[in-house]
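Trainee: let me see the structure of the following:
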Amino acid sequence: MYARILVATDGSELADRALDHALQLAKLAGSEVIIVTVTEPVTLVGGGYATVVGGVIDPMPELIEAQENAARELLQRAAKKATDRGVAVKTVLVDNSFAAEGIVATANETGAELVVMGSHGRRGLNRLLLGSQTNNVLAHTKLPVLVTR
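Mentor: Have a look, this model is predicted:
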């Protein structure tokens with residue numbers, strides 16, 4: 001059926017449900033699961049610099065490192081879930097990208113045959129609608145997309 005299933009996660013409850021669904025499908029089909037998470041560009045008001053008692057510091061490197069560490073931990077937990085269920089797994093961290101762009105690019109680069117993702121993520125007001133990232137993936141890929149709720 002599908003040799004490679006890509007599942008996108010941001011650590012939200014809906015993304016966890018999408019992961020569980022993708023793992024069940026992969027187990028039944030004997031598929032490899034590719035788990036992707038995307039770290040978005042970090043921006044701060046004021047150019048990313050803060051004044052601290054007589055000097056200027058740039059908090060961006062620390063913010064980027066924290067964001068990447070959290071993404072790696074998220075991928076490790078998701079990969080453990082896959083291996084615990086006997087599903088072959090690969091993880092991909094896409095840095096400094098918008099979620100939909102990173103998901104579509106990863107699906108293309110890895111030869112995924114199906115994309116599984118939650119109906120919306122946990123970012124800002126977008127979580128209230130059918131996620132804009134989900135809509136963007138649907139609009140910019142030719143692959144089948146399974147949207148879970």
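
Trainee: count of residues packed around G111?
Mentor: Burial measure for G111: 11 neighbouring residues, criterion other C-beta atoms under 10 Å. To be clear about C-beta, it is placed using only N, CA and C from the backbone, and glycine gets the same treatment.

Trainee: hang on, isn't it packed against R4?
Mentor: Yes. With contact taken as C-beta atoms under 8 Å, G111 and R4 are classed as touching, separated by 5.7 Å.

Trainee: spatially central residue in the chain, please.
Mentor: In the chain, the centroid-proximal residue (C-alpha atoms, centre = their mean) is T37; its distance is 2.5 Å.

Trainee: show me what that residue bridges to in the sheet.
Mentor: On the basis of DSSP bridges, T37 is bridged to L93.

Trainee: and the longest helix for this protein?
Mentor: Among the segments of the chain that qualify as a helix by DSSP state H, the longest is helix 60-84.

Trainee: for that helix, which residues meet the burial criterion?
Mentor: Using 16 or more other C-beta atoms under 10 Å as the burial criterion, the residues of helix 60-84 that qualify are 67, 71, 74-75, 78-79, 81-82.

Trainee: likewise stretch 16-32?
Mentor: Within stretch 16-32, the residues that count as buried by 16+ other C-beta under 10 Å are 16, 18-19, 21-23, 25-26, 31-32.

Trainee: let's see which of these end up in helices.
Mentor: Judged by DSSP H, helices contain the following of those: 16, 18-19, 21-23, 25-26.

Trainee: can you lay out these as JSON lines showing pLDDT?
Mentor: JSON lines is the format used below for these (pLDDT from 0 to 100):
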{"residue": "D16", "pLDDT": "96"}
{"residue": "A18", "pLDDT": "97"}
{"residue": "L19", "pLDDT": "98"}
{"residue": "H21", "pLDDT": "98"}
{"residue": "A22", "pLDDT": "98"}
{"residue": "L23", "pLDDT": "98"}
{"residue": "L25", "pLDDT": "98"}
{"residue": "A26", "pLDDT": "98"}
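
Trainee: just those residues now: which is nearest L93?
Mentor: Top of the list for closeness to L93, among these and by C-beta to C-beta, is L19 at 15.3 Å.
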